[in-house]
Structures are given as structure tokens and as C-alpha cells.
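Asks: here's a sequence, model it:
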Amino acid sequence: MTKDTPKIAGLERILVLEVARVTEAAAIAAARWRGRGDKNSADGAAVKAMREELAKVNIRGRVVIGEGEMDEAPMLYIGEELGTMNGPEVDIAVDPLEGTTICAEAEPNALAVLAISERGGLLHAPDMYMDKIAIGPGYPDGLIDLDKSPSENIKRLAEAKGVAVNQITACMLGRPRHEKLLTEVRASGASVRLIRDGDIAGVIWCTDPIKSGIDIYLGSGGAPEGVLAAAALRCIGGQMQGRLLPDPGAEGQRQIQRAHAMGIKDIRRKYTMHEMASGDVIFSASGVTDGSLLEGVHFRGDFAETETVVMRARTGTVRRIKTTFRDVGAKFKA
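Replies: Numbers count the residues shown, from 1 in each chain. Prediction:
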């Protein structure tokens, strides 16, 4: 960074484009495996590409949301230090391929996702479930609350929006564990859009209900994805709460012990959006498959076209970037 490079308090402005380049590379690598039924290879390609690009960024980065512990993941593991070590200290949260199964089956809404924050700005969430609730911007603070029933939250949202409950649409993962939640939401009069995977996109959809048709996100999904979704909302605006949900039995006890080791003392704590993602945050997502949030990677011979949304909390900017890459055939060949 030269003395003439513009800088705003918090992270350096140039990092916005650098972060976008990282998710673009991961998206291109994963897209080579679209529809081939091999989710592990798709994910592995995205992880490798994301790590290689992060190593080029002028940051002193530390992975706080990654692919697992050091003994579980050879790359992008929690605690791994990345970057050139010549820039600001940042925390890194990654999901190199959000929606591994939907990429493997060439279904909509697979993404490559990354968030960075000033050091200490992202919750160190262990790999377990998190109960989540989220809405978009423009509503009174505290409108939604995990401690209220789903039907009460939907009623309050409808009143704040000035519509009948039957004009509210909730989004949730289509999972057997959500059977009771699904029944209650439909009984309230609201409609439900079930998604197969990709709850980061599900939360982001709440920020533009006119376009997406989604007003509220409900239900449990991965805690790491919850932190990434909170990072996105910090940039766009909205409200979100999350609470960790350990598995029952011995596995849940191991998860609780891991959470304690990561600094989480109260496993039942209800986290706000600002507690999951604070300070200056940059969030980037690139489409792998076509979806309602972003177009996927389009290959034209040795050319690749990507679409990326990159956001910054400090300035409130949201950029959509369409990029054409030349001569990608050899570099990203599956």
C-alpha cells in the first residue's frame, strides 16, 4: 500500500477487490466439477484454489471459521495463518463451496464464500448446529427473538411489514429435524420455501424480499455458516440471532468441550448479529451454479465468466462484479 492509496478506518479499501478475487478462484475451480456427482472433489478443488489465492493477499490472516481442526483438515483449518504477512491482522471465515451436494448435482445456488474482519471481529464457532433466525433491514430493532415461538415472530414481522401473515414467506432447510417447525409455520398462515442446502444464501435472501420472495429465515444449520451469514447481514443490514445446538450424547459433549476450548463459556448463549460479526467486515460470494442470488460460472472454451457480490460493513457498499478470465483451462482443469 502506497502513501497515496485511499484508506477508510478499519480494513484497507483495496481488500474488497482482493477478497472478491479469492472467491472467484474458488468458484471457477469448483465449477469444473459441477454435475459430476463427486462433491468431495468439487470441495477439494475449491479449498485448494481459495487457499492459494489467500496466500497472495497482503494480510496477516488467521482462519477462525474453516474446514475443521488442524488434524481434520490439511488446508484452511482453524488457526491456520494465511496471507503475505505484510498487511493488517484479520480473522478469516471460509466456506469454499457452500452447497457441495448441489454443486455435484448441478442444482441452483452453490456459492464460494469468504468473510474477513478486523482481528477479533468474527465469532469462533465450532463445527456444530446453530439455531438461527434472520430478517432483512428496515424493521425496528429487536423485532425477532429466538426465545419467541416461530408463529409469534412471524406475526410480529407481518405487523411491522403491514401485511397479513399469509403474505409472509419463511425459508428453512428441508430436513427431518424441521418437521415440527415446518408444521408450526404453516399453521400460522405463512408459507414456506424449503431449500436443500445453502443456508447462507437463504439468510441473504431475506434482505431483498421483493426480489427473492423470502421474508424470514428460520431453523438450524451449521454454526460456521451462521457466522458467515451474520457477516453478510452486517454489510447489507438486517437482524439475526443464533444459538449453538450441540448434538445429544457423547458427541455433543465433545462439541461442548471444543467450544469451551475456543473461548465459548456459555453454550446456550443467544448471539446477536453484532456478536457474531463485529467491526469492519468484508464479505464476498461468487456463484458456482446459477441461482437466485448470483449467476454461476460460465465457461466459454478457455474463458470463464463469474458473478460476485462483495460487501463492506464500514461503508455499507454492495458491489456486483462480473469478470471474464482468460486461459483458465489449464489452471482449473478437473
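
Asks: and residue 212, how far from residue 199?
Replies: Using C-beta to C-beta, to the nearest Å, residue 212 is found at 14 Å from residue 199. (Glycine included, C-beta is placed from N, CA and C.)

Asks: those two: which is more packed in?
Replies: A direct count of neighbours by other C-beta atoms under 10 Å for residue 212 and residue 199 places residue 199 higher, at 25 against 19.

Asks: which one is that one nearest to, not counting chain neighbours?
Replies: Leaving aside its sequence neighbours, residue 199 sits nearest to residue 221 (C-beta to C-beta, 6 or more residues apart in numbering; 4.0 Å).

Asks: show me what contacts that neighbour?
Replies: 129, 130, 132, 173, 199 (C-beta atoms under 8 Å, 6 or more residues apart in numbering).

Asks: is the first one in contact with residue 220, as I believe?
Replies: Yes - the pair residue 129 / residue 220 is scored as a contact, 4.7 Å apart, by C-beta atoms under 8 Å.

Asks: now, which of the contacts of residue 221 sits nearest residue 63?
Replies: residue 130 (18.5 Å; C-beta to C-beta).

Asks: what kind of secondary structure is that closest one in?
Replies: Using DSSP: H, G, I helix; E, B strand; the rest coil, the structure places residue 130 in strand.

Asks: same deal with the one 4 residues further on?
Replies: Assigned by three-state DSSP, the conformation of residue 134 is strand.

Asks: burial count for it?
Replies: What residue 134 shows, counting by other C-beta under 10 Å, is a neighbour count of 28.

Asks: tell me which helix or strand comes right after the helix or strand containing residue 233.
Replies: Taking DSSP states H and E as the definition, one finds residue 233 inside helix 223-236. The helix or strand immediately downstream of helix 223-236 is strand 239-245, counting by DSSP H and E.

Asks: residues contacting the residue lying closest to residue 59 once chain neighbours are set aside?
Replies: Of all residues not flanking residue 59 in the chain, residue 83 sits nearest, at 3.7 Å (C-beta to C-beta, 6+ apart). The contact partners of residue 83, by C-beta under 8 Å, 6+ apart, come to 54, 55, 57, 58, 59, 60, 61, 90.

Asks: got it, and residue 251?
Replies: No contacts exist for residue 251 under C-beta under 8 Å, 6+ apart.

Asks: go on, residue 135?
Replies: Counting by C-beta under 8 Å, 6+ apart, residue 135 has contacts 143, 144, 157, 206, 215, 216, 217, 238, 239, 240.

Asks: at 10 Å instead, please
Replies: Residues counted as contacts of residue 135 (C-beta atoms under 10 Å, 6 or more residues apart in numbering) are 143-144, 153, 156-157, 160-161, 203, 206-207, 209, 214-217, 233, 238-240.
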